[in-house]
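Undergrad: pasting the structure only:
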């Protein structure tokens, strides 16, 4: 056997060995990645189940009648909004913008564009006949709107007749922080037609803004008005919307029109506003619950 | 089509004459126009004579012409609402009876008559007949002098009118009272039918369940009439009423239709004597034979169920050839009303024999007429439950193929109120049969059951309502509750700097001498604020807030400064870095709680006078530049037919005084209105600020008509 032939065989063997090793390495990495994905999926599944078990009883629906007046016409519609119980005595948090009529909501969402079309006129929206609906059994409790923070898009509804119950609630004082890249989870309830089962979605924080105020921005523009949770099951914030204020419309763009959902008010900001709301609620006279019929 | 309007002041205290003569005159008398242009003495004489004839005719009726203002209750979307409408009428008796249209008086809760001398007198409804669209109302004679003689207009004979004959239409077009126009009779046996319609569809309607025009033929004319002329007289050149103007046909070139006096006179007499028109009913709808292939008789198009005709054996498709042995042939639709009237004018309970043919064979049937039933039942609003109803008449029940006329028909449901949120919701068209197990036969029974529940001290939690829908029998449970007062929740207070700003960006900065700088220029400092008390001045440009440079996004960016301030704490000092006359400056201003906005202001409704007010805010005073000590309540809603609306209270009025009470806020307003409701005066004086002027409004009331809920 000549030296050249031996050399050629060696090179070939080495090359093949490298190929085999690389292939095994890639396969191993792929295998690792798949195992990682599997673990991530399992983790996510576990998290969603944990969140549902822990917080679903606190996630409620506010049912109300929206009365709108616009250009001399008045109309009423029955509406629903997602909400969360924030105290055991029946204080419920929802998004202020969700407690409006459809026309008002649509005009607010479209911002200055719609306002400009309507010559600056805006509908007047009032909220009546409020009920809080809890759980899949759709147990109803009469409630009253006690405070709102239009600036932060928060509103608080207080159950008037607790029927002697204490409620499951989410404690915003025990909260987690979120950063860009973190996964977060939102929970709302599906409509009456679907037995109001709880529904959990997950997404990621894609940005943190300071203007118009400190907010987290989620990737998904989901229905707003519900709580946001971190992976460890703690509440991290509340989903709100940020329609432009009067005089803040700016040039029309898809971004300026897209003010629906996706904005998370950090839990600490919610807590601060809630303290003020509680003060306001305390100043109001208690409402007499309706008498039940004698048995 | 446009017409020249020639208005000539008659020089009489009580009359202004507007004569539409140019086009009509030329159209009718082209020779006259040509002759006028030639200025021959004969033509001037003809014109003068015509004018004299018109004047005489006018003077015989004009003094008896009145305007009729109706405060009308109408039912819409589950609520009873008030509105005002205007029409015309003519005084026809020395007892103050006025003939007008049924649709002018329809649903009227109050009537105000404006006489020729402009006095306003109350009136009441004597009776109305939708089938002829005629009504009679009567003046409250106690408001006239005891020996006062009313001007009265006389009826003429409309059957003697020729096509082409001059007629005068008098009334209040578009509310312009005491107007007159000249035209000619275009057609004296008009039915509302055209070449393109089924000739059985000549009947029109005043509303649901309210047909009209079945028994009469209209007078068609071209004397200009407009909304407001309804109920006014159509007058011949003898000065006699030959018709009552009922409807216009604007789509037909401004033509008018009037009920002929041959009909109106009889109807008015019946209404005065009996309060209603009593008609016979046989239950047959006829069709002219023109398209049926028959050469004699009149075709039976339909027979009403359980009517005298059905019981006598008459069927659709029969050919009636004689009535009481008198041959009858109806070839054209114009001939139908005559037959219908002949039958309806017979005494109730009289026998009528019909000879008819069926499949080539001759038959006879004798029936006994019945009383023509009321078309539409009385209506009501169940205010606290949020829906409206109508009493079911036998006719209404038949039209809907209901098994009987027991029960009450739901005519409208107000969204968001108890009826609509009941489980299941009530809907228009439902028939209520029982409340809490107690049968509801008719409207009085329903209202008794309703008041028996809502007038209690404590409302029950639920009311069980038994109703029929689409031939099914259902229950619903309704939660009765009082209408909520306006309780706007308080806003969480935010920090506020009492200024308004304008963004300063590149181009603006250059023009105002601060090139390269960005910020917010102070354009207004609200008085009586911490900002006003500070050294801040209009024109200052704020560049930094609490040491942080302010970002100005665009020249439309008015709100971001406000937002930044809101995020600070109330009572904290806002450290402002600003530019003034080119120099930098630092200034601290204490942040105060934001003032209540107009949208947050509390509102109060007054249901007696039907209007709503709200408290005035800091921004009302600032933006309207009122004096700082201005007090009052601002009107935010007025129902046009309510007392406040009729009394001319308007949106935006600032109510300063009511009667002798100063109104310095909502509490004073509520207190005063309660006192007025207790005292029930005939008139209430309001002092309002409207624009820059004060104004007194004297609002008339009618406490007797008010149903307190």
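TA: It's in. All of these numbers come straight from a predicted model, not from anything done at the bench.
Undergrad: in the stretch 51-200 of chain B, what spans have low per-residue confidence?
TA: Applying pLDDT under 70 to the stretch 51-200 of chain B flags the ranges B:175, B:191-200.
Undergrad: what about the residue of it found nearest chain A, neighbour count?
TA: Nearest to chain A, among the residues of the stretch 51-200 of chain B, is residue B:77, at 8.7 Å (Cβ to the nearest Cβ). Just so you know, the C-beta spots here come from the backbone N, C-alpha and C atoms, and that holds for glycine as well. Residues near residue B:77, counting by other Cβ atoms under 10 Å in any protein chain shown, number 17.
Undergrad: Which residue comes closest to it once chain neighbours are left out?
TA: Closest residue in space to residue B:77, ignoring its immediate chain neighbours: residue B:412 at 5.3 Å, by Cβ to Cβ, 6 or more residues apart in numbering or on different chains.
Undergrad: can you list the residues of the stretch 551-700 of chain B near chain A?
TA: Applying Cβ under 8 Å from any Cβ of the partner chain, we find that the stretch 551-700 of chain B lies next to chain A at B:551, B:553-554, B:556-560, B:562-563, B:566-567, B:599.
Undergrad: element containing the residue nearest the centre of chain B?
TA: Chain B has residue B:83 as the residue nearest its centroid, 4.4 Å off, counting by Cα atoms, centre = their mean. Taking DSSP states H and E as the criterion, residue B:83 maps to strand B:79-91.
Undergrad: same thing with residue A:31?
TA: helix A:3-55.
Undergrad: next helix or strand past that helix?
TA: Next element after helix A:3-55 (DSSP H and E): strand A:59-70.
Undergrad: Tell me if I'm right that the residue nearest to residue B:77 and residue B:80 touch.
TA: No. Using Cβ atoms under 8 Å, residue B:412 makes no contact with residue B:80, being 9.4 Å away.
Undergrad: overlap in contacts of those two?
TA: residue B:388 (Cβ atoms under 8 Å, 6 or more residues apart in numbering or on different chains).
Undergrad: Buried residues in the longest helix along chain B, which are they?
TA: Longest helix in chain B, counting residues (DSSP state H): helix B:41-61. By neighbour count on 16 or more other Cβ atoms under 10 Å in any protein chain shown, the buried set for helix B:41-61 is B:43, B:47, B:50, B:54, B:57, B:58, B:60, B:61.
Undergrad: can you redo these as JSON lines with distance to residue B:265?
TA: Compiled in JSON lines, the buried residues of helix B:41-61 are given as follows (distance: Cβ to Cβ, whole Å):
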{"residue": "B:43", "distance to residue B:265": "38"}
{"residue": "B:47", "distance to residue B:265": "33"}
{"residue": "B:50", "distance to residue B:265": "28"}
{"residue": "B:54", "distance to residue B:265": "24"}
{"residue": "B:57", "distance to residue B:265": "18"}
{"residue": "B:58", "distance to residue B:265": "21"}
{"residue": "B:60", "distance to residue B:265": "17"}
{"residue": "B:61", "distance to residue B:265": "15"}
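Undergrad: And those residues, which two are furthest apart?
TA: Farthest apart among the buried residues of helix B:41-61 by Cβ to Cβ are B:43 and B:61. That separation is 27.6 Å.
Undergrad: Could you report the separation of the residue located most distally from the centre of chain B from chain A?
TA: Centroid-distance maximum for chain B: residue B:583 at 64.8 Å, with Cα atoms, centre = their mean. Between residue B:583 and chain A the distance, using Cβ to the nearest Cβ, to the nearest Å, works out to 28 Å.
Undergrad: so what pLDDT did that residue get?
TA: pLDDT recorded at residue B:583 is 90.
Undergrad: Name whatever forms a beta bridge with it.
TA: Applying DSSP bridges to residue B:583 yields these beta-bridge partners: residue B:580.
Undergrad: Over to residue B:658?
TA: residue B:661, residue B:686.
Undergrad: tell me which element residue B:285 is part of?
TA: strand B:284-287.
Undergrad: could you point out which element follows that strand?
TA: strand B:298-303.
Undergrad: Okay, now the sheet partners of that following strand, with direction.
TA: strand B:284-287 (antiparallel), strand B:319-323 (antiparallel).
Undergrad: picking that back up, I'd guessed the residue nearest to the centre of chain B sits against residue B:641; true?
TA: Yes. Between residue B:83 and residue B:641 there is a contact at 4.2 Å, judged by Cβ under 8 Å.
Undergrad: overlap in contacts of the two?
TA: Contacts common to residue B:83 and residue B:641, judged by Cβ under 8 Å, 6+ apart, are B:71, B:72.
Undergrad: residues from chain B in reach of chain A?
TA: Counting by Cβ under 8 Å from any Cβ, chain B sits next to chain A at B:414-417, B:420-421, B:458-462, B:481, B:484, B:486-494, B:551, B:553-554, B:556-560, B:562-563, B:566-567, B:599.
Undergrad: Restricted to strands, list these.
TA: B:490, B:491 (DSSP state E).
Undergrad: Please list the members of the residues of chain B next to chain A that lie in helices.
TA: Checking the residues of chain B next to chain A against DSSP H, those in helices are B:420, B:421, B:560, B:562, B:563, B:566.
Undergrad: hey, where'd the strands end up in the stretch 251-400 of chain B?
TA: B:255-260, B:280-281, B:284-287, B:298-303, B:319-323, B:326-327, B:351-358, B:361-368, B:370-371, B:379-382, B:387-391 (DSSP state E, counting those that start in this stretch).
Undergrad: can you put those strands in CSV and add mean neighbour count and mean pLDDT?
TA: Formatted as CSV, the strands of the stretch 251-400 of chain B follow (neighbours: other Cβ atoms under 10 Å in any protein chain shown; pLDDT from 0 to 100):
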stretch, mean neighbour count, mean pLDDT
strand B:255-260, 26, 90
strand B:280-281, 20, 92
strand B:284-287, 21, 92
strand B:298-303, 20, 93
strand B:319-323, 19, 96
strand B:326-327, 10, 96
strand B:351-358, 17, 96
strand B:361-368, 14, 96
strand B:370-371, 14, 92
strand B:379-382, 22, 93
strand B:387-391, 25, 95
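Undergrad: Can you say which of these is nearest to residue B:619?
TA: strand B:379-382 (37.2 Å).
Undergrad: So what are the sheet partners of the closest one and their directions?
TA: By DSSP bridges, strand B:379-382 pairs with strand B:387-391 (antiparallel).
Undergrad: So how do I select the buried members of the ones in helices among the residues of chain B next to chain A in ChimeraX?
TA: Command for ChimeraX, covering only those of these found buried under the criterion 16+ other Cβ under 10 Å:
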select /B:420,421,560,562,566
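Undergrad: Closest to residue A:197 out of the ones in helices among the residues of chain B next to chain A?
TA: residue B:421 (23.8 Å).
Undergrad: Low-confidence ranges, the stretch 151-295 of chain A, go.
TA: A:221-223, A:243-261, A:284-295.
Undergrad: can you pull out the helices in it?
TA: A:254-257, A:267-283 (DSSP state H, counting those that start in this stretch).
Undergrad: Check these for me and report the most buried one.
TA: Ranked by mean neighbour count, those are led by helix A:267-283 with a mean of 18 (mean count of other Cβ atoms under 10 Å in any protein chain shown).
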